[in-house]
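In: Fold the following.
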Amino acid sequence: MPGRFSEVTSDVDDILHEVRQQYFPELVNAKILCLFDIKKRQSKGKIILARIKKSDDLVRHLTINETDNEEGFDYIVFIDQMIWTNIEREDKIRLIRHELRHTLYDVDSRTTPYKLISHDVEDFIAEIELNSDDLRWSQRVGELLEHLYSQERETEE
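Out: You can find the predicted model right below:
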């Protein structure tokens, strides 16, 4: 039985690099691991397209050998694999950019400078402005993902 997560394709890392360079220069030294989530995930009745997690001590320890330093990853971004393979590049950029909006670089922190923050509103104000041409992109993509999982269930029956 396959696990819940799998390695991402190179386009994920390419888009992560591009988005980080353009919008998040403070994360230039952050070690970010992206993984595909191969199973449907929901929270409070809403389908999850992607999520970001700040690494704890255990995750850092377990990922030491996967980074160029001896500290492991700072963040892990989980992306629903089904949606990633079924959306256009612009929506992929929006998805990665939204997840990185949850990061906060706190230079005065006594521990790690990498933190997580919640939305300003249902989204982030900066994201609303950047997505003014398609304010409902997240809802549109979420509905597509629900449809894709529904189709998958029907084929399995």
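In: Helices of this structure, start to end?
Out: Taking DSSP state H as the criterion, the chain carries its helices at 10-23, 57-62, 81-84, 89-101, 125-130, 137-156.
In: residues contacting the nearest residue to residue 81 once chain neighbours are set aside?
Out: Leaving out its chain neighbours, the residue that sits closest to residue 81 by C-beta to C-beta, 6 or more residues apart in numbering is residue 36, at 3.7 Å. C-betas here are computed from N, CA, C, even on glycine. With contacts defined as C-beta atoms under 8 Å, 6 or more residues apart in numbering, the neighbours of residue 36 are 5-8, 12, 78-81, 84.
In: quick one, which of the helices of the chain is nearest to residue 43?
Out: helix 137-156 (11.9 Å; C-beta to C-beta).
In: which residues touch that closest one?
Out: Looking at helix 137-156 with C-beta under 8 Å, 6+ apart, the contacting residues turn out to be 40, 46-47, 49, 80, 82-83, 86-87, 91, 94-95, 98, 123, 131, 134.
In: Tell me the gap between it and the middle of its chain.
Out: In terms of C-alpha atoms, centre = their mean, to the nearest Å, the centre of helix 137-156 is found 18 Å from the chain centre.
In: Okay, buried residues for the least confident helix or strand in the chain by mean pLDDT please.
Out: Taking all helices and strands of the chain together, the one with the lowest average confidence (mean pLDDT, DSSP states H and E) is helix 57-62, at a mean of 87. Using 16 or more other C-beta atoms under 10 Å as the test for burial, helix 57-62 gives 59-60.
In: ok, residue 88 - contacts?
Out: No contacts exist for residue 88 under C-beta under 8 Å, 6+ apart.
In: Tell me how far it lies from residue 150.
Out: With distances taken as C-beta to C-beta, to the nearest Å, residue 88 is found 21 Å from residue 150.
In: what's the answer for residue 19, then?
Out: From residue 19 across to residue 150, the span is 30 Å (C-beta to C-beta).
In: got the helices of the chain as JSON lines, with distance to residue 114 columns?
Out: Compiled in JSON lines, the helices of the chain are given as follows (distance: least, C-beta to C-beta, whole Å):
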{"stretch": "helix 10-23", "distance to residue 114": "13"}
{"stretch": "helix 57-62", "distance to residue 114": "11"}
{"stretch": "helix 81-84", "distance to residue 114": "24"}
{"stretch": "helix 89-101", "distance to residue 114": "11"}
{"stretch": "helix 125-130", "distance to residue 114": "19"}
{"stretch": "helix 137-156", "distance to residue 114": "24"}
